[in-house]
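Chemist: All I have is the shape, not the residue letters:
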């Protein structure tokens, strides 16, 4: 059972959290790091697949925070930090309660918004970053599309990126 | 290829040659008694020629070293040199990188260096480093003194099984001989404790250091290994440890030697750290006199000194509790590395200074040991590298041994604290080593102690491992010219290894891979199979690796020198 | 989860294989092999099994070079190696990064190549336990092998680490559950403490969870140290933890027989970085006045420790070693990959068995998008999307043998179990080829300049 469609996440039904007041945007603390679903998928090599997007392009949130934003499992949220913004899935965290904190497993999605600041200690600051979280209509990008959209290494015309065809879930290269 | 070293002044103590002007010839890597007229002539007229050096005890390769290099970049930065056409970059002072270790020994005219402490579980690591060290051959000594299997057999006095265990394990880890470090004490450090003296049992084991030492010595002699047991005694560095040390040596006196090549049944290592009289660092005094009295009367013991060189260095030993107490003493960063079922170990940086009373006394005690031991075949020159100082200081120690004037000057000038002469007899000792004695304590003696039959002498058939030093013994007065002595022994005119010229005029001219020397006991296979069957259930339960992944595979010793030993009664 | 029947259709079992995932290097895996493929793995955790039962869809099988349109195109080995060698030989400030998922034998050629061209050699420690190594250099390194914990420990602490997610067999094989010589009842003989702001999967199975505040590590360990030194705490709550609880925990730590502290990236990735670990190490050192305590960084890759060990014995420094000046130089925060990339110093980047595309912060990846990137790896990953030359390697511990060092420094020779895909090459071979090709280019240059 090494392949999964998506991680098992708890479904907290009580959306109408009495203490939660609906908010458009939340000021949160972002942590990133390893997670077993992300680790298994990454090292198996399935990074182009939808599975990787589901296990690493995801923000695990406290149910109360999700209630405030009015998002449910597998809806999109946009996370913004000083270093960038990225659209990921929202899901109830199995480690809750941790109101005010979100966790995005390490991976290309988290990278867009983590801090490269090492403070001369060689190691970037992957944890404890202030961020904002808001509901989003945008689709979470597959890994290859994300890399293209963010780093644009081989894109001639940057304006054209949203129009480009998805690179899909399989490696794209020219065979001999 | 044939060579003739012409007109050198040869010191070859094993062959009773003490300063004779003669030629040394070698062919295809071996010493020979004559060569053809095609032989290439190396003119070394009136230069000192000796067998290449043999270091009987140093820490140069393995897990402890790497901990030191990882956690002391400040030491690595001290010895950085750019790469050259021949050499790679060097780094380090007290814990040089592997390439630097090989180059530096080679420059001093050394050819063989014993790696003195190998935890069997991490033996592959030691062998990887030996592969990375060029130009010197390395016999590694695995640690047995706190091994749980050994402690069980010792407690029950099962010497046959212990011998089988040792002969198996030497094959498994590709080791040369039996090393003991603070027997029972390193196991006690598993609980943050230590043992005191040789009759204090390890917690939960009900076996004492004395029992372990005797059992290992008996097993060692049952197998007839080329080297005797190699002992780092209990109570290292504690004022008042002299009785423990003499007790340790004395407890194996009755065990019969079973080897034709060596004289001793016990080798005591870095003895300088083990002979402090008194009860505290306040009233400490040298115990060298008591110990040399004993050694001069008893031939079953040899030792190396562990001479303090008064440098900033890195202490590292499988004596875990001792390192923690050093940390408590100097407050510098403490590293520890305990190995499951086998040993503990630790490291602490240490700054030995001539301004410190205690360090100066330790310096004096080491010299007292050299000067008080009558038979140079019983004493070897070491610094327990890097514990008492880095090995690159050997030439300086030689200069101290050869010059009473220099030693007195150091005491007079306050280069060392007055404790050096107040609390030791050093100021009263005017003995000076001659070149033949230096050759004995740096090559011939250690080679005999290790039972080497291919090095340490210029006997025809032996490896052509030769050092030439740019000194004319008839001209120089070592007593007056210590600086010249130090310079010459630090930069060999030639270092020749297996007939190849590796160093010329103090510079590396050639780099060759090192050999690993290990002991292969034959004729004990049945007992070995039986013991492995007994060991395996416990091995599988208590180690965290599979046996298949524990042993040292052959490819970790690409250039082995296997010493076959016929086990015999 | 769906029930999966056990795999029964296999030709042979290869026993005692070593897992090539995390720093646990479990060496008790059995591979079930059929037709030259691993079809099942026994004893591995979810992570290990997942890696060994790899996704062949994304296996890198052929060498590739990026063409002028920005498309990767399959080429033969000769062309790919020549292109890579040409880039490396022409580089002014190359970085060779990665190494943590390949063998020591591969590194031996890599370092020669680095010395030859004056590269920076760095590994994943630079984004994981680099601060731990700095802390070790500041205050010490009291460690042990994992069997010491198994046989002796009666208290295990995980701090800033979540082994149930990142080292799933750590607790079952080494620390918490196994029965040891002095701990015959296994789990029942031990107290397990998790210190983490998050109520992690590890915290859920611990006896004690200390949920200190985010970035509260430094203050919390300091408070423990103060208690150990007999000081009265001046505040009622420190880092979110009540004073009484801190005192109680410190007393419990003092009264163990053998304690082990395992720490992870929770300490290295937060704002105080190496200072957190300074404090944790000193806490353990202080505890040794009372009883036996040791610690261990939870290293993430199976050979990340191996690279640090290898570099230390070869050159005296553990990682971030800069050969640009013809001798090894090591300055934290200066000669490390992330710093070099964000300063835009690097002009050719070679990644060996690592995935910067997946694990570097965007600010560093941005520079990789501006320079040539050579990738040596086994899977198509985020880094392949920004790679200009791709050299498909082989899988250490499955398709190729090699030496690795466990998180505690125990060396393990990971044996080969099956053959690699025909079109791939061993990492060791690739590095040697690159070295030889660059040597030839340099020799030619030397002749030409004369």
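Modeler: That came in fine, so what should we check first? Note that the structure is predicted; figures quoted are calculated from it, not measured.

Chemist: Following element in sequence after the worst-scoring helix or strand of chain A on mean pLDDT, please.
Modeler: Scoring the helices and strands of chain A by mean pLDDT, DSSP states H and E places helix A:63-69 at the bottom, with a mean of 92. Later in the chain than helix A:63-69, the nearest helix or strand by DSSP states H and E is strand A:76-81.

Chemist: Do any residues in that following strand lie close to chain C?
Modeler: No - Strand A:76-81 is not in contact with chain C by C-beta under 8 Å from any C-beta of the partner chain; minimum separation 10.0 Å. Every residue, glycine included, has its C-beta placed from N, CA and C.

Chemist: Show me what that strand is in contact with.
Modeler: With contact meaning C-beta atoms under 8 Å, 6 or more residues apart in numbering or on different chains, strand A:76-81 is reached by A:30, A:59, A:61, A:69, A:71, A:85-90, A:102, A:104, A:113-115, A:129-140.

Chemist: can you rerun that using 10 Å?
Modeler: Strand A:76-81 is contacted by residues A:25-26, A:28, A:30, A:57-59, A:61, A:65-66, A:69, A:71, A:85-91, A:102, A:104, A:109-110, A:112-115, A:129-140, C:362 when judged by C-beta atoms under 10 Å, 6 or more residues apart in numbering or on different chains.

Chemist: what's the closest non-adjacent residue to residue B:530?
Modeler: Distances taken as C-beta to C-beta, 6 or more residues apart in numbering or on different chains put residue B:164 closest to residue B:530, at 6.8 Å, once the chain neighbours are dropped.

Chemist: give me the element that neighbour is part of.
Modeler: helix B:159-173.

Chemist: Can you list the buried residues in that helix?
Modeler: Using 16 or more other C-beta atoms under 10 Å in any protein chain shown as the test for burial, helix B:159-173 gives B:159, B:161-173.

Chemist: Now find how far off-centre that helix is within its chain.
Modeler: 22 Å (C-alpha atoms, centre = their mean, to the nearest Å).

Chemist: packing partners for the following helix or strand past it?
Modeler: Counting by DSSP H and E, the element after helix B:159-173 in chain order, helix or strand, is strand B:179-181. Secondary-structure packing of strand B:179-181 (3 or more C-beta pairs under 10 Å, 6 or more residues apart in numbering or on different chains; DSSP states H and E): strand B:110-118, strand B:140-142, helix B:209-223, strand B:229-232.

Chemist: hang on, residue C:404 is in a strand, isn't it?
Modeler: Yes - the assignment for residue C:404 by DSSP: H, G, I helix; E, B strand; the rest coil puts it in a strand.

Chemist: so how far is residue C:322 from it?
Modeler: For residue C:404, the distance to residue C:322 equals 25 Å [C-beta to C-beta, to the nearest Å].

Chemist: where exactly do the strands run in chain A?
Modeler: In chain A, the strands defined using DSSP state E lie at A:25-33, A:58-61, A:76-81, A:84-92, A:101-105, A:127-135.

Chemist: Show me what the second one is packed against.
Modeler: Other elements packing on strand A:58-61 under the criterion 3+ C-beta pairs under 10 Å, 6+ apart are strand A:25-33, helix A:63-69, strand A:76-81, strand A:84-92, strand A:101-105, helix A:108-113, strand A:127-135.

Chemist: now the first one: how far from the chain's centre is it?
Modeler: Once both centres are worked out by C-alpha atoms, centre = their mean, strand A:25-33 turns out to sit 11 Å from its chain's centre.

Chemist: does any bit of that strand sit next to chain C?
Modeler: Yes - contact between strand A:25-33 and chain C, assessed by C-beta under 10 Å from any C-beta of the partner chain, occurs at A:29, A:31, A:32, A:33.

Chemist: now the chain, which segments are flagged as low pLDDT?
Modeler: Chain wasn't specified; assuming chain A. Applying pLDDT under 70 to chain A picks out residues A:1-2, A:13-20.

Chemist: I was thinking of chain B, sorry if that wasn't clear
Modeler: Along chain B, segments meeting pLDDT under 70 span B:568-569.

Chemist: Just give me the longest helix of it.
Modeler: Secondary structure assigned by DSSP state H gives helix B:525-542 as the longest helix of chain B.

Chemist: Provide a list of residues in contact with the nearest residue to residue C:37 once chain neighbours are set aside.
Modeler: Nearest residue to residue C:37 in three dimensions, chain neighbours excluded: residue C:418, at 6.8 Å (C-beta to C-beta, 6+ apart). Residues near residue C:418 by C-beta under 10 Å, 6+ apart: C:12, C:14, C:31, C:33-38, C:395, C:398-400.

Chemist: switch to 8 Å and redo it
Modeler: By C-beta under 8 Å, 6+ apart, the contact set of residue C:418 is C:14, C:31, C:33, C:36, C:37, C:38, C:398, C:399.

Chemist: how much space between the residue in the stretch 301-450 of chain B positioned nearest to chain C and chain A?
Modeler: Minimum separation of the stretch 301-450 of chain B from chain C (C-beta to the nearest C-beta) falls at residue B:340, amounting to 2.7 Å. Going from residue B:340 to chain A by C-beta to the nearest C-beta, to the nearest Å gives 27 Å.

Chemist: how close does whatever residue of chain B ends up closest to chain A sit to residue C:331?
Modeler: Closest to chain A within chain B is residue B:73: 13.0 Å, counting by C-beta to the nearest C-beta. Plainly put, residue B:73 is 9 Å away from residue C:331 if you go by C-beta to C-beta.

Chemist: Then residue A:101?
Modeler: Applying C-beta to C-beta to residue A:101 and residue C:331 gives a distance of 34 Å.

Chemist: Can you tell me the element the residue nearest to residue C:37 falls in?
Modeler: When elements are defined using DSSP H and E, residue C:418 is found to belong to no helix and no strand.

Chemist: can you give me phi and psi for it?
Modeler: Main-chain torsions, residue C:418, degrees, to the nearest 10: phi -130, psi 170.
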